[in-house]
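Colleague: Next come a sequence and a model predicted from it.
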Amino acid sequence: MWWDALGNYVASLGYGTGDPAYEKWRATSARRTHLVGKGVVRFHAVYWPAMLLSAGLPLPTDILVHDYLTIDGRKISKSGGATVDPVALTAAYGTDAVRSWLLREVPRVGHADFTPDRLIARADADFAGRLGNLVHRIVTMVHRYRSRSVPTLGTDRFAVATLLDVCGKAPAWIDAALNDFDFRRATGAAWGIVEEANRCIDATRPWELARAERQGNADAAEGLDAVLAALVTACRVLAEELRPFIPDAAARIAQQVTSLDGSLLASTPLFRRIQQEQHA
């Protein structure tokens, strides 16, 4: 069985038929990565390389071994009765919630135990609690203090330098994590923008800058412009960096912080709080 199964790694690419897919993805590729469960390491790290060596074919450059997803501490298994239907999960909670749990909770090394309650807690905390609340606060402040128009990003004074620095470095941090196949670290780098944006709001207190501006303080007016511009920039970077991971959520964020005819649309709830719906 394993002889036939392992051979599909090259046969499926058209090995021996002149198919360019084999040349591109196997013969000339700089990296040939196998991602396997820890229960089949022997077949992929011993038998398969031996087969390739005997045939004179290039060996894998990387063999990444993952641990198991469990359900209430039990290994997922049809025969053992520990299963979960991903179609039912996405129908109940949405694709972004399922994606977020897998990306944010499953470590690069080690087991991850799944329960619907853990998925709900992660989705509510990340989306409704942090991300959705942040975007709503920012868009609302732009409407209230700048008549829906986003100020031009200029000075990095007024305690926004750190936020802009994190926004500038996050793409490289995410790329480095993905090169290590560490999705939790990659999405954590994106969520670092959320945390830094919230710290920026707490430090700059835009509502106080707005009050001082109304009293004629020109520095406060300049500061409010700088803060709001930096916060909207952070949301736009977030939308772009989250797009490969949670595309639906990223698209909704982008819509909220994209100017149409020079103005932002009114803020609307981006994410539902699942736990509240269940108890309604």
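Modeller: In hand now; what should we look at? Residues are numbered from 1 along each chain as shown.
Colleague: helix, strand or coil for residue 63?
Modeller: Taking DSSP: H, G, I helix; E, B strand; the rest coil as the rule, one finds residue 63 in the strand state.
Colleague: My read is that it contacts residue 44, right?
Modeller: Yes - judged on CB atoms under 8 Å, residue 63 makes contact with residue 44 at a distance of 5.9 Å. No exception for glycine: its C-beta is placed from N, CA and C like everyone else's.
Colleague: between the two, who's got more neighbours?
Modeller: residue 44 (19 against 16; other CB atoms under 10 Å).
Colleague: Give me the pLDDT for that one.
Modeller: Note on residue 44: pLDDT of 94.
Colleague: Over to the one 5 residues further on?
Modeller: The predicted structure scores residue 49 at 95 on the pLDDT scale.
Colleague: please renumber so the chain begins at 419
Modeller: With the count now opening at 419, the last piece we talked about shows up as residue 467.
Colleague: Report how many residues lie close to it.
Modeller: 16.
Colleague: Can you tell me, leaving aside adjacent residues, what's nearest to it?
Modeller: residue 477 (5.4 Å; CB to CB, 6 or more residues apart in numbering).
Colleague: What is the burial count for the one you found?
Modeller: Neighbours around residue 477, by other CB under 10 Å: 11.
Colleague: Equivalent analysis for residue 648, please.
Modeller: Residue 648, neighbours per other CB under 10 Å, totals 26.
Colleague: secondary structure class for it?
Modeller: Residue 648 - assigned by three-state DSSP - is helix.
Colleague: how close does it get to residue 428?
Modeller: 51 Å (CB to CB, to the nearest Å).
Colleague: now do residue 480
Modeller: 17 Å.
Colleague: Which one of the two is surrounded by more residues?
Modeller: Between residue 480 and residue 428, counted using other CB under 10 Å, the more crowded position is residue 428 (19 against 10).
Colleague: which SSE is that one in?
Modeller: helix 420-429 (DSSP states H and E).
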